[in-house]
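>>> quick one: sequence plus predicted model below, questions after.
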Amino acid sequence: MALPKLLDAIEALPAFTRLAGAIPGPGGRITIAGLPGSSDAALVAALGRRLGARRFVVVVAETLPDAERWLADLAALQDDEATALYPPREGFGEVEPHLEIAGERVETLERVARGAVRTLITTARAVLERTRLPDVVRTARLELRVGEERRLEELVEHLEMVGFERVDLVDDVAQFSVRGGIVDIYSFGMANPVRLELWGDEITSLRHFDILTQRSKRDADVALVLPVDARQTGVGDGAARGALLDLVPPDTVIVVPAHAPLEAEMRRTWEAARHHIELARRRG
């Protein structure tokens with residue numbers, strides 16, 4: 001829940017008024033001091049509210065725990081629907097081995113693409129990445145609605161191509177199952193998995209179902225199916241690699257905590273990447 005009275009008090013401060021009027025444009029820089037504890041997040045929350053939709057805000061933390069602290073603080077201070085975390089990959093390839101991290105990355109990129117995020121929190125390592133994921137999320141997202149025509153074979157091919165696992169019974173995200181003309185899908189971003197029924201090539205029913213009882217619960221207006229990762233299959237093969245900051249407007253306000261040794265963290269990231277490349281070369 002947002003804390004508007006706290007943000008009101010911050011915005012009433014003369015120092016905040018001076019800061020809000022001095023926010024630099026692209027390429028500019030300003031240093032702010034005297035922010036103990038979580039007052040840095042409170043300031044960013046107030047600044048985000050003042051700027052509104054006019055300026056996008058990105059917070060670049062040193063490590064993932066630092067970014068998660070920013071996320072918790074900002075979610076408590078402002079509308080958490082407009083705040084999102086983009087964590088770094090755990091590995092060095094396009095396939096993320098941890099589903100929780102993969103899901104948060106994909107969901108955040110999808111929300112950023114449709115303008116649902118105003119404050120993005122990330123890390124130094126994530127900023128360094130060049131990945132196909134943004135392009136894959138944009139081109140491989142799939143919306144399913146009742147009345148649409150979808151050939152079962154093509155739907156199954158698409159799900160497998162974007163990283164879904166075919167199982168007998170869906171009990172986790174990034175899985176799907178097929179029983180006759182019934183397809184169960186559990187995608188990132190879904191509070192509950194969905195069950196669609198096909199009559200021929202037409203979707204005649206779309207319902208959420210309980211993952212424990214496997215029983216249908218309520219109708220779904222739309223099922224948004226997101227890719228699992230940017231693996232080298234079909235959709236991802238022709239996708240362009242890009243960096244996270246390529247996705248944000250040129251006048252984005254980038255917040256870098258002064259105590260965070262980002263340069264050292266970036267150097268460690270590159271050294272680790274260089275080490276893994278050398279190991280891969282030795283293995284052929």
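Sure thing, it's come through.
>>> where in the stretch 1-150 of the chain is pLDDT low?
Counting by pLDDT under 70, the stretch 1-150 of the chain contains low-confidence ranges at 1-2, 79-80.
>>> just the strands from it, written as ranges.
Using DSSP state E, counting those that start in this stretch, the strands found in the stretch 1-150 of the chain span residues 57-61, 83-86, 119-123, 142-144.
>>> just these: most buried one?
Burial of the strands of the stretch 1-150 of the chain is given as mean neighbour count (mean count of other Cβ atoms under 10 Å); strand 119-123 ranks first at a mean of 27. C-betas here are computed from N, CA, C, even on glycine.
>>> name the residues that touch it?
Contacts with strand 119-123, where a contact means Cβ atoms under 8 Å, 6 or more residues apart in numbering, come from 44-45, 48, 56-64, 66-67, 70-71, 74, 78, 82-88, 108, 112, 244, 248, 265.
>>> quick one: contacts for Arg114?
Arg114 neighbours (Cβ under 8 Å, 6+ apart): none.
>>> that one and Glu143, how far apart?
Taking Cβ to Cβ, to the nearest Å as the measure, Arg114 and Glu143 are separated by 12 Å.
>>> buried set for stretch 171-184?
Neighbour-count burial for stretch 171-184, counted by 16 or more other Cβ atoms under 10 Å, picks out 173-178, 181, 183-184.
>>> residue contacts, the residue nearest to Val255 when sequence neighbours are not counted?
Excluding its sequence neighbours, the residue lying closest to Val255 (Cβ to Cβ, 6 or more residues apart in numbering) is Val59, at 4.6 Å. Counting by Cβ under 8 Å, 6+ apart, Val59 touches 44, 67, 70, 74, 119-122, 255, 257.
>>> okay, these in JSON lines with distance to Thr31 next?
JSON lines is the format used below for these (distance: Cβ to Cβ, whole Å):
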{"residue": "Val44", "distance to Thr31": "15"}
{"residue": "Ala67", "distance to Thr31": "21"}
{"residue": "Trp70", "distance to Thr31": "18"}
{"residue": "Leu74", "distance to Thr31": "21"}
{"residue": "Thr119", "distance to Thr31": "20"}
{"residue": "Leu120", "distance to Thr31": "21"}
{"residue": "Ile121", "distance to Thr31": "20"}
{"residue": "Thr122", "distance to Thr31": "21"}
{"residue": "Val255", "distance to Thr31": "11"}
{"residue": "Pro257", "distance to Thr31": "11"}
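>>> out of those, which comes closest to Pro4?
Leu74 (14.0 Å; Cβ to Cβ).
>>> isn't that closest one up against Ala84?
No. Assessed by Cβ atoms under 8 Å, Leu74 is found out of contact with Ala84, at 9.7 Å.
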